[in-house]
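Student: Pasting the sequence and the predicted model now:
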Amino acid sequence: MIEQLFCGLVELTPEFDVVPALARTWEVSSNGREYIFRLRSDARWSDGYPVTAGDVEFSWKRALHPDTQSMLSEVLFDLAGARAYHDGRLPDAGAVGVRALDDYTLAVELAEPVGHFLHLLGMAVTYPLPRHAVQAHGPAWCTPEHIVTNGPFRLEAWQPGRRFILVRNPDYRGRFGGNLSRVELDLFSDEAPASRLALYEGGLHDVMHPEGLAMLESSRLQHAHEYRTEPSAHTLYLGLDASRPPFDNPRVRQAMAHALDRNTLAEAVWRGTATPATGGLVPPGMPGHSPGLALAYDPDRARRLLAEAGYPRARASRRWKRARTGAQATSPRDSTY
């Protein structure tokens, strides 16, 4: 929803290329640490105020301020002084590496060169906020009666927890394809997935996103001519607590990786809706993806590593049986190994 109502300095294409949005151009210093962004002068907030470099500076420092408690503030930690300011070790916001040189010129200084910095600017936490509205209304600035936006759509109506109605923003100057002029979005916080499907099948909804593999399978079979797929960049993973045995032993962690058949998991369990994570945590299409980086499926190698770690097969089996019967399982996490 934020991406429909707001716009940042840059946008990411479906291929994850960086293209201009609010920033029409930018320059990078030879050391890779200083950026100068030159903003469009015709961008406007929905109440008519211009979108300025000062709005960007204000928004980034607000997200970093410890009182804001932003869940995504770490996205901005590459800025010089940002982490110290967020942690309260640097009280002066002026020392953070972002500064409006004038209304349409923004200077950014990084603590060190970061090759993917421009891609981070495609994330919503970096989008500018309407400084005048936030200062006037405080936390209530984003309520339906006060919200001010600058994205491809404007908010026409909002019933919190129930419904959004968006209309196309005629003043938007970013990339915008198609002729969609109005979107009515129903939010289903309590309704069962089957009732959502019934609304779609009854012609009351134009689009429905199936939830869960069972609904996805049935939807794909029953509405094959209407079913569409699109890529989504995210990673499903099993996290191991390396501070607790047996996962404090790297051989055990490597054995777990070698024992996981990602191809079968993707095809048989996820029914072809996921791709094997053979390139590590970074999914295909994103900067940093490294094909073939993951440890290969090799059960024999996994058994040897477990034996080297002091968990030969018979002993591991006994431990698993004891864990399953609860003899050593004091919490669900304890029983996972």
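Tutor: Noted; the coordinates are in hand.
Student: mind listing the helices for this structure?
Tutor: Along the chain, the segments classed as helices by DSSP state H run 2-5, 53-64, 82-87, 117-120, 131-137, 193-201, 213-222, 250-258, 262-264, 299-308, 313-325.
Student: Same list, the ones you listed, but as a markdown table with distance to T105, mean neighbour count and mean pLDDT please.
Tutor: In short, each C-beta sits where N, CA and C put it, glycine included. Below are those laid out as a markdown table (distance: least, Cβ to Cβ, whole Å; neighbours: other Cβ atoms under 10 Å; pLDDT from 0 to 100):
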| stretch | distance to T105 | mean neighbour count | mean pLDDT |
| --- | --- | --- | --- |
| helix 2-5 | 25 | 17 | 94 |
| helix 53-64 | 6 | 23 | 98 |
| helix 82-87 | 20 | 20 | 97 |
| helix 117-120 | 17 | 17 | 95 |
| helix 131-137 | 16 | 17 | 97 |
| helix 193-201 | 47 | 15 | 82 |
| helix 213-222 | 48 | 14 | 83 |
| helix 250-258 | 48 | 19 | 94 |
| helix 262-264 | 47 | 14 | 92 |
| helix 299-308 | 56 | 16 | 94 |
| helix 313-325 | 61 | 12 | 44 |
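Student: For L185, list the residues it contacts.
Tutor: M1, R163, F164, I165, L166 (Cβ atoms under 8 Å, 6 or more residues apart in numbering).
Student: just the buried members of these?
Tutor: Among the contacts of L185, the ones that count as buried by 16 or more other Cβ atoms under 10 Å are F164, L166.
Student: Walk me through the domains of the chain.
Tutor: Using automatic domain parsing, the domain parsing of the chain gives 2-139, 194-230, 250-336.
Student: can you tell which of those is closest to T149?
Tutor: Among those, domain 2-139 comes nearest to T149, with 4.2 Å by Cβ to Cβ.
Student: what about E11, how many neighbours?
Tutor: Using other Cβ atoms under 10 Å, E11 has 18 neighbouring residues.
Student: Skipping adjacent residues, who's closest to it in space?
Tutor: A21 (4.5 Å; Cβ to Cβ, 6 or more residues apart in numbering).
Student: State the pLDDT value of the one you found.
Tutor: Listed pLDDT for A21 reads 95.
Student: repeat for the one 3 residues further on
Tutor: Turning to R24, the model gives it a pLDDT of 95.
Student: Excluding covalently adjacent residues, which one is nearest to it?
Tutor: What sits nearest to R24 in space, not counting adjacent residues and going by Cβ to Cβ, 6+ apart, is R40, at 5.2 Å.
Student: can you tell me how far that neighbour sits from Y104?
Tutor: Counting by Cβ to Cβ, to the nearest Å, the separation of R40 from Y104 is 7 Å.
Student: The two: which is more packed in?
Tutor: The neighbour comparison of R40 against Y104 (other Cβ under 10 Å) goes to Y104, with 20 against 17.
Student: dump the residue contacts of that one.
Tutor: Listed by Cβ under 8 Å, 6+ apart, the contact partners of Y104 are R38, L39, R40, S41, T52, A53.
Student: Could you save the residues you listed as CSV and add columns showing distance to G32?
Tutor: Putting these into CSV (distance: Cβ to Cβ, whole Å) gives the following:
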residue, distance to G32
R38, 19
L39, 22
R40, 25
S41, 28
T52, 26
A53, 21
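Student: tell me the two of the residues you listed that are most distant?
Tutor: Every pair of the contacts of Y104 checked by Cβ to Cβ; the farthest is R38 and T52, at 12.2 Å.
Student: Neighbour count: the two, which is higher?
Tutor: The residue with more neighbours, out of R38 and T52, is T52; 24 against 17, by other Cβ under 10 Å.
Student: Excluding chain neighbours, what is closest to the more buried one?
Tutor: D103 (4.5 Å).
Student: Go ahead and confirm that neighbour touches P50.
Tutor: Yes - D103 sits in contact with P50 when judged by Cβ atoms under 8 Å, with a separation of 7.0 Å.
Student: list the residues that contact both of those two?
Tutor: S41.
Student: coming back round to it: right, and the helices of the chain - which one's nearest A157?
Tutor: Closest approach to A157 among the helices of the chain (Cβ to Cβ): helix 2-5, 12.9 Å.
Student: thinking N169 is in contact with W45, fair?
Tutor: No - contact criterion Cβ under 8 Å: N169 and W45 do not qualify, at 10.3 Å.
Student: Find the residues that touch each one of these two.
Tutor: T149, N150.
Student: how about low-confidence regions in the chain?
Tutor: 189-191, 313-337 (pLDDT under 70).
Student: how far does stretch 302-309 sit from the chain's center?
Tutor: Relative to its chain's centre, stretch 302-309 lies at 36 Å (Cα atoms, centre = their mean, to the nearest Å).
Student: Oh, that last question was meant for stretch 303-316, not what I typed.
Tutor: 38 Å.
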